[in-house]
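**Student:** Take a look and give me a structure for this.
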Amino acid sequence: MTDTFTPVRVRVDLGERGYDICIGPGLAASIADHLQPVLARDRVFVVSDETVWGLHGAALQAALDTGNIDCHCHTVPAGEATKNWQQLGDLVEWLLDAGAGRDDVLIAFGGGVVGDLTGLAAGLTKRGMRLVQVPTTLLAQVDSSVGGKTAVNTRHGKNLVGMFYQPQLVLADIDLLATLPLRERQAGYAEIVKYGLIDDPAFVNWLEVNGAGVVDLDPEAVTEAVAVSCRAKARIVAQDEREGGVRALLNLGHTFGHTLEAANGYGPALLHGEAVGAGMALALRYSVRLGLMKGQDAERGIRAIAACGLETRLANLTGGPYIASDLAEAMKQDKKARGARVPLILAKGIGQSFIYPDADLSDVSDFLAEELSNR
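**Tutor:** Numbering: from 1, shown residues only. Alright, predicted model coming up:
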């Protein structure tokens with residue numbers, strides 16, 4: 001399939017800052033050809049994590065060699081804890097020590113952590129290097145590599161320091177997903193289901209039939225799922241690049257999810273996608289609590305989330321301990337929170353998500369307490 005498959009191209013239409021997302025197998029092996037339009041010189045700087053580089057680094061270097069492109073690589077530890085000030089500073093200093101310039105290309109070769117960290121470094125270094133995203137996880141291919149959000153975490157919360165900085169190209173090579181463990185594929189599936197729950201009930205229907213094939217990496221199923229997800233995100237980003245309005249819908253499940261990650265110190269006990277999956281289930285149940293959504297619709301959405309192995313019950317979620325009042329307090333650190341009220345993405349039905357502007361955190365705390373007692 002790799003030899004005959006024509007990559008799917010999705011355009012992120014941002015005028016002169018627009019770019020293509022290329023989706024399909026074999027893209028990393030032909031990266032030298034894909035990079036030609038953005039290269040000003042025959043060298044690239046690559047950031048990867050130690051796990052990804054150990055699995056795929058030699059093949060990427062060999063692919064770059066076919067185009068006589070020198071590769072300078074910087075590796076970071078795997079895991080969410082890597083998104084911090086120290087790693088960001090070390091990365092920028094490495095780029096400056098190597099003489100990287102604004103016309104050089106910086107490649108993020110990894111999952112969402114590497115993409116977020118590298119994207120922020122690209123935006124900061126000499127006020128902007130050329131950025132290419134080569135996401136190696138399902139979650140990064142359908143979400144974090146697209147749209148220009150970059151960030152690091154602080155002790156106050158997740159993604160509180162960052163910027164919007166768009167790549168010039170995204171290469172989503174589904175062959176790179178073959179080394180992902182099942183848990184990572186399930187975590188990526190959470191972000192795929194999200195697009196259906198936001199505004200595409202037909203995609204939820206499709207996932208109910210084909211979701212297992214996506215997680216099992218059936219080439220046609222996973223390519224279709226990545227393409228639909230990227231089209232959805234590209235459409236929303238084109239309307240609202242800096243999250244002043246409709247782009248907030250992409251945060252379905254994330255306000256709850258980020259607090260769950262924080263409760264685990266951003267450690268490996270709870271992956272980002274696992275937190276988002278549980279967060280979406282909480283958002284649907286909270287929608288029912290507020291009388292916004294029918295219980296049967298919420299349960300169908302929750303079944304779609306859980307179908308491929310994601311936990312949707314807070315009381316059964318890995319990691320923790322989770323304390324309702326602490327989770328609600330942590331939600332005050334959300335970038336859009338105002339005092340004791342926070343905007344949430346809730347739903348009126350399957351594919352009918354909307355921005356609920358001022359959820360009362362005392363009520364959210366009571367709701368979470370009830371969820372923690374419900375197995």
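
**Student:** where does the stretch 1-150 of the chain dip in pLDDT?
**Tutor:** For the stretch 1-150 of the chain, the stretches flagged by pLDDT under 70 are 1-4.

**Student:** Tell me where it has strands.
**Tutor:** 8-12, 19-24, 43-49, 70-76, 105-110, 130-135, 149-154 (DSSP state E, counting those that start in this stretch).

**Student:** what sits against the closest residue to His156 other than its chain neighbours?
**Tutor:** Nearest non-adjacent residue to His156, counting by C-beta to C-beta, 6 or more residues apart in numbering: Gln333, 5.5 Å away. C-beta here means a position set from N, CA and C on the backbone, and glycine is covered the same way. By C-beta atoms under 8 Å, 6 or more residues apart in numbering, the residues touching Gln333 are His156, Gly157, Leu160, Ala262.

**Student:** when you check those residues against the strands, which ones overlap?
**Tutor:** Gly157, Leu160 (DSSP state E).

**Student:** Same list (the strands of the stretch 1-150 of the chain) but as CSV, adding distance to Ala278 and mean neighbour count.
**Tutor:** Below are those laid out as CSV (distance: least, C-beta to C-beta, whole Å; neighbours: other C-beta atoms under 10 Å):
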stretch, distance to Ala278, mean neighbour count
strand 8-12, 28, 18
strand 19-24, 27, 22
strand 43-49, 24, 23
strand 70-76, 27, 17
strand 105-110, 24, 28
strand 130-135, 23, 26
strand 149-154, 19, 22
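
**Student:** Turn those into JSON lines, columns for distance to Gly119.
**Tutor:** JSON lines is the format used below for the strands of the stretch 1-150 of the chain (distance: least, C-beta to C-beta, whole Å):
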{"stretch": "strand 8-12", "distance to Gly119": "14"}
{"stretch": "strand 19-24", "distance to Gly119": "13"}
{"stretch": "strand 43-49", "distance to Gly119": "10"}
{"stretch": "strand 70-76", "distance to Gly119": "13"}
{"stretch": "strand 105-110", "distance to Gly119": "6"}
{"stretch": "strand 130-135", "distance to Gly119": "6"}
{"stretch": "strand 149-154", "distance to Gly119": "3"}
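
**Student:** For the residue positioned nearest the centre of the chain, which non-adjacent residue is spatially closest?
**Tutor:** The centroid of the chain falls nearest to Ser144 when counting by C-alpha atoms, centre = their mean (3.1 Å). Spatial nearest neighbour of Ser144, excluding adjacent residues (C-beta to C-beta, 6+ apart): Gly112 at 3.7 Å.

**Student:** wait, doesn't that neighbour sit right on Leu139?
**Tutor:** Yes. Here Gly112 lies in contact with Leu139, judged by C-beta atoms under 8 Å, at a distance of 5.8 Å.

**Student:** Quick check: neighbours shared by the two?
**Tutor:** Counting by C-beta under 8 Å, 6+ apart, the residues touching both Gly112 and Leu139 are His272.

**Student:** just to revisit the earlier point, looking at the contacts of Gln333, state which has the most neighbours.
**Tutor:** Among these, Ala262 has the most neighbours (other C-beta atoms under 10 Å), with 21 neighbours.

**Student:** Report the contact partners of it.
**Tutor:** Gly157, Lys158, Ala330, Gln333.

**Student:** Closest to Asp42 out of the residues you listed?
**Tutor:** Lys158 (37.6 Å; C-beta to C-beta).

**Student:** residues near the closest one, how many?
**Tutor:** For Lys158, using other C-beta under 10 Å, the count is 23.

**Student:** Let me see the contact set for it.
**Tutor:** Ala151, His258, Glu261, Ala262, Tyr266.

**Student:** pretty sure the last one contacts Asn84?
**Tutor:** No. The pair Tyr266 and Asn84 does not pass the contact test of C-beta under 8 Å, sitting 9.1 Å apart.
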